[in-house]
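J.: Sequence and predicted model, in that order:
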Amino acid sequence: MQERMNWTVTGENFSLYKTRTNNCNGGPREQIKPLIRIKGVPAQAIAGSLEDFVLRLFRHVAPALKEQNIREVIMAAVRDTTTIEFEGHRIGLYQDLSMITLQRRRLLRLVTDLLREEGIKYQLGHPFRLLFTWHNELCSIRTLEEAQRLEWMSQNLEERAQNAAPPAQQQGSDKGQPKTASRRRTTYKPSTVERQKEKASAN
């Protein structure tokens, strides 16, 4: 079995991943394990020695760097921040996750926000699964529907959904009727000819 570290660049996004080659009966099989996504890599680093820049960045984040747990060490060092400053640039380090995993995380954001506010620690399992302990009972959910089956969580999620919903539009008695331009009322003023006629009739 052979392992190699590889790099890919898309614009300012840089991905580090590990390639593992296994020699099986049907020939060598290659497995790709994504590690870390780096956002904000400067153009001069991409045009020059990209590997040197990334290694300097990782040593800046985690000086005691070991290759066998490179992702765990680095992501633990930046867990409480979204970006870091390195050589005059704002760099973001993220787990290199698939679009499906990111979408599932967004769908469970109400649940994870609730767990944080309640002080309940949770973990993300593989394949995608949200794991947490409630009253000494291990809970595992994959979708928002599964979370709503828990009575205490269902009530809190319902309240959050109502508070997050946009305010209902006020329904007036004239709703659906076309608006008409309001007429401006003016005071009648007699013309000069009419005033002269009034004076003549008075005399």
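T.: Perfect, I can see it now. Numbering: from 1, shown residues only.
J.: Domains of this protein: list them as residue ranges, please.
T.: For the chain, automatic domain parsing gives the domain ranges 2-95, 99-163.
J.: does Arg104 count as helix, strand or coil?
T.: helix (DSSP: H, G, I helix; E, B strand; the rest coil).
J.: typo on my end, it should be Ile38
T.: Under three-state DSSP, Ile38 falls in the strand class.
J.: looking at it, it is touching Ile91, isn't it?
T.: Yes - using C-beta atoms under 8 Å, Ile38 makes contact with Ile91 at a distance of 6.4 Å. Heads up, the C-betas are built off the backbone N, CA and C, glycines and all.
J.: Next, show the common contact partners of those two.
T.: Leu57 (C-beta atoms under 8 Å, 6 or more residues apart in numbering).
J.: which stretch in the domains of the chain is the model least sure about?
T.: Here the lowest mean pLDDT among the domains of the chain goes to domain 2-95, at a mean of 64.
J.: ok, now which ones touch the residue lying closest to His89 once chain neighbours are set aside?
T.: Computed as C-beta to C-beta, 6 or more residues apart in numbering, the closest residue to His89 that is not its neighbour in sequence is Pro42, at 5.2 Å. Residues in contact with Pro42 (C-beta under 8 Å, 6+ apart) are 53, 87, 89.
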